[in-house]
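Enquirer: Task: produce atomic coordinates for the following.
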Amino acid sequence: MNQHKKLFLTVLLLTIATRLLTLGAYPLFETTESRYAEIARKMVETGNWVTPQISYGVPFWGKPPLSFWLTAGSLELFGVNDIAARLPSFVLAILVGWLIYHLALKQRGSSVALISLVVLSTGALFFFVAGQVMTDQALTLGTTLSMVAFWRALAETGPHGRLWGYAFFIGLAIGILAKGPVAVVLTLIPVGIWIAWHKKWRMLFARLPWALGTILMFIIAVPWYLLAEIRTPGFLHYFIVGEHWDRYLHSGWRGDLYGAAHMHARGMIWSYWIVAAFPWSLVFIVRLVRLATACKPSLPAIVQDEWLTYLILWTAGPLILFTFSANILLTYVLPGLPAFALLLAEVLQPRLPVETGPKSDFGNLGLAFLALPVPVIALSLVIFIVPDVAPYKSQKDVVARYKMLRSDSSSPLIYLFDKPYSAEFYSNGEAKQISDVDKAAKYVLGTKESFVVARDEDLDRMPRSLLRRLQPVARFGDCELLRTRPG
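Expert: Modelled structure (predicted):
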């Protein structure tokens, strides 16, 4: 192995190790992480793996179950803790990285493959999501598998090409179970444009098993949707019409049962891409500027290059889809980042038509230096910032102190007015919520020992009869943990 490969491999291994070792270095934060982890925990507790539950007996229609299944399986294997909750996202990230490495290795060789993997793993959003309890990583695995399989199916003949053809439809099924029909749209936009641009219609129908592949996709993905509708009627209308159509078209959509619409200027997704792909997005923009000013003759070659246009369209797929939507999140960029890693690795190679000459070589040390900011920043945040922020964003320490102080496991933990998802997760569903102060006072006064959690603004709303019975025992951010006084 030559020196530059050793350098990139070292950076890659350090990045992976940093992400893995920080999985349990901070608590699950509100609201996304804690909510999704708690839904998975309820799956394990109740044994109901068909209907995700936002509260006991209340279905969660906002997302399909694949991510919840993976998280629940991890919690069942390794216990209810931060690492187990985040581990599936990390494993999914490794699988996405393997697919990208395999594709680049077959197409361009080991150097480009390794650079692609370094770019992907050290990009801001991909690194972040690789250690978060979210549904987006499962979607990205599905779309990545479909896009890789499509290219390999067209490139190979015989049994291997046929298998890749079936893998294309398996990827669609994974995406549908992870996020819904949007996975199909995210895949077909770049594939459809690429096919039309290069006039590959005959090859498209010859190399992919459309009939059997579609049946396979339906066999994998559709049964859960039907069973979910049977168990909780109304799910399909809310999820298909509401979450996909109304959310996409209406920035102020008021039908969201589990949160609020995210209103942004249309086209904001392109700005999000710059943040999501940092620092490599800045490198790419600089290269584009150099291309436009110094290498204009190369543009026709890029447009005609089937591989480069495939990567460009794959990268731009999510951006194209969400350009006209104002209800977006930063994570919507994620499915295009694997392709961007491949594309940037191509751009950084001096022998490609994108740019020629020795000036286009960033240098091995330069590339390694550019790969370090995101892991270093992440590690610094975990060490210096997260300890101060965690008490405001998670109830992990509150629940831990409650368990340490209680004299009996039957002593209740009561949240006045609002119970965060993290409180339910870390208490294994034992934390209670009472929104009526009179009921809270009656309940607490009727117990031998109780613990109450209230935010500062809620303390003034508590009746004096209750306050007289309680004494503060600990403070966590803007929350006070109180315990009934002896006697």
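
Enquirer: residue boundaries of the helices in the stretch 1-150 of the chain?
Expert: 3-21, 32-46, 66-78, 82-108, 110-121, 124-129, 136-155 (DSSP state H, counting those that start in this stretch).

Enquirer: deepest of those, which one?
Expert: Neighbour counts (mean count of other C-beta atoms under 10 Å) averaged over each of the helices of the stretch 1-150 of the chain peak at helix 136-155, with a mean of 25. Heads up, the C-betas are built off the backbone N, CA and C, glycines and all.

Enquirer: tell me what it is packed against?
Expert: Helix 136-155 is packed against helix 66-78, helix 82-108, helix 124-129, helix 158-178, helix 182-198, helix 201-207, helix 337-347, with contacts defined by 3 or more C-beta pairs under 8 Å, 6 or more residues apart in numbering; DSSP states H and E.

Enquirer: swap the cut-off to 6 Å and go again
Expert: helix 82-108, helix 158-178, helix 182-198, helix 201-207 (3 or more C-beta pairs under 6 Å, 6 or more residues apart in numbering; DSSP states H and E).

Enquirer: how distant is the last one from the center of its chain?
Expert: So the one you mean is helix 201-207. 33 Å (C-alpha atoms, centre = their mean, to the nearest Å).

Enquirer: buried residues in it?
Expert: By neighbour count with 16 or more other C-beta atoms under 10 Å, helix 201-207 contains the buried residues L204, R207.

Enquirer: hmm, who's touching that helix?
Expert: A153, L154, I195 (C-beta atoms under 6 Å, 6 or more residues apart in numbering).

Enquirer: go on, the second one?
Expert: Helix 158-178 is touched from outside by 64, 66, 135, 138-139, 142-143, 145-146, 149-150, 152-153, 183-184, 208-209, 213, 216-217, 220-221, with contacts defined as C-beta under 6 Å, 6+ apart.

Enquirer: for R483, helix, strand, or coil?
Expert: Following DSSP: H, G, I helix; E, B strand; the rest coil, the label given to R483 is strand.

Enquirer: Pairing partners for it in the sheet, please.
Expert: Beta bridges link R483 to F451, Q471 when assigned by DSSP bridges.

Enquirer: hang on, it packs against V473?
Expert: Yes: the pair R483 / V473 is scored as a contact, 5.0 Å apart, by C-beta atoms under 6 Å.

Enquirer: Could you check which of those two is surrounded by more residues?
Expert: Remark: of R483 and V473, R483 carries more neighbours, 20 against 13, as counted by other C-beta atoms under 10 Å.

Enquirer: Excluding chain neighbours, what is closest to T214?
Expert: F169 (6.5 Å; C-beta to C-beta, 6 or more residues apart in numbering).

Enquirer: For this protein, which helix or strand comes out least confident on mean pLDDT?
Expert: helix 247-249 (a mean of 64; mean pLDDT, DSSP states H and E).

Enquirer: picking up where we left off before, quick one: which of the helices and strands packed on helix 136-155 is nearest R35?
Expert: helix 82-108 (11.4 Å; C-beta to C-beta).

Enquirer: what angle separates that closest one from helix 337-347?
Expert: 40 degrees (axes from the mean of the first three to the mean of the last three C-alpha atoms, to 10 degrees).

Enquirer: Can you spell out which helices and strands pack onto helix 82-108?
Expert: Short answer (3+ C-beta pairs under 6 Å, 6+ apart): helix 82-108 packs on helix 66-78, helix 110-121, helix 136-155, helix 337-347.

Enquirer: Neighbours of the residue nearest to T214, how many?
Expert: Residues near F169, counting by other C-beta under 10 Å: 25.

Enquirer: Kindly report the same for K448.
Expert: 10.

Enquirer: P463 versus that one, what's the distance?
Expert: 20 Å (C-beta to C-beta, to the nearest Å).

Enquirer: Confirm I414 sits in a strand?
Expert: Yes: according to three-state DSSP, I414 belongs to a strand.

Enquirer: Just list whatever residues bridge to it.
Expert: Assigned bridge partners for I414, using DSSP bridges, are K432, V452.

Enquirer: Could you pull up the contacting residues of it?
Expert: K432, I434, V452.

Enquirer: could you redo the last one with a cut-off of 8 Å?
Expert: Contacts of I414 were listed using C-beta atoms under 8 Å, 6 or more residues apart in numbering, and they are A431, K432, Q433, I434, A440, Y443, V444, S450, F451, V452, V453.

Enquirer: cool, R485 as well?
Expert: With C-beta under 8 Å, 6+ apart, R485 has these contacts: R469, L470, Q471.

Enquirer: Not counting sequence-adjacent ones, nearest residue to the first one?
Expert: I take that to be R469. T484 (5.5 Å).

Enquirer: Next: the second one.
Expert: Closest residue to L470 in three dimensions, ignoring its sequence neighbours and counting by C-beta to C-beta, 6+ apart: L482, at 4.0 Å.

Enquirer: Surely Y225 and L236 touch.
Expert: Yes: between Y225 and L236 a contact is recorded at 6.7 Å, counting by C-beta atoms under 8 Å.

Enquirer: ok, these two, which is more surrounded?
Expert: Legend: neighbour count by other C-beta under 10 Å for Y225 and L236, higher for Y225 (18 against 14).

Enquirer: give me the element I220 is part of.
Expert: helix 210-231 (DSSP states H and E).

Enquirer: Next SSE downstream of that helix?
Expert: That would be, after helix 210-231 and using DSSP H and E, helix 235-236.

Enquirer: Show me what that next one is packed against.
Expert: Right, helix 235-236 is packed against helix 210-231 by 3+ C-beta pairs under 8 Å, 6+ apart.

Enquirer: counting contacts, what elements does the helix it packs on pack onto?
Expert: Partner elements for helix 210-231 (3+ C-beta pairs under 8 Å, 6+ apart): helix 158-178, helix 235-236.

Enquirer: who's in contact with I115?
Expert: F8, L344, A345, L348, L367.

Enquirer: Spatially nearest residue to the residue sitting nearest the centre point of the chain, not counting backbone neighbours?
Expert: Taking C-alpha atoms, centre = their mean, the centroid of the chain lies closest to D136, which sits 3.3 Å from it. Excluding its sequence neighbours, the residue lying closest to D136 (C-beta to C-beta, 6+ apart) is T331, at 4.4 Å.

Enquirer: What score does the one you found have for pLDDT?
Expert: Note on T331: pLDDT of 95.

Enquirer: Between the helices of the stretch 1-150 of the chain, which one is closest to D458.
Expert: Using C-beta to C-beta, the nearest of these to D458 is helix 32-46, at 19.7 Å.
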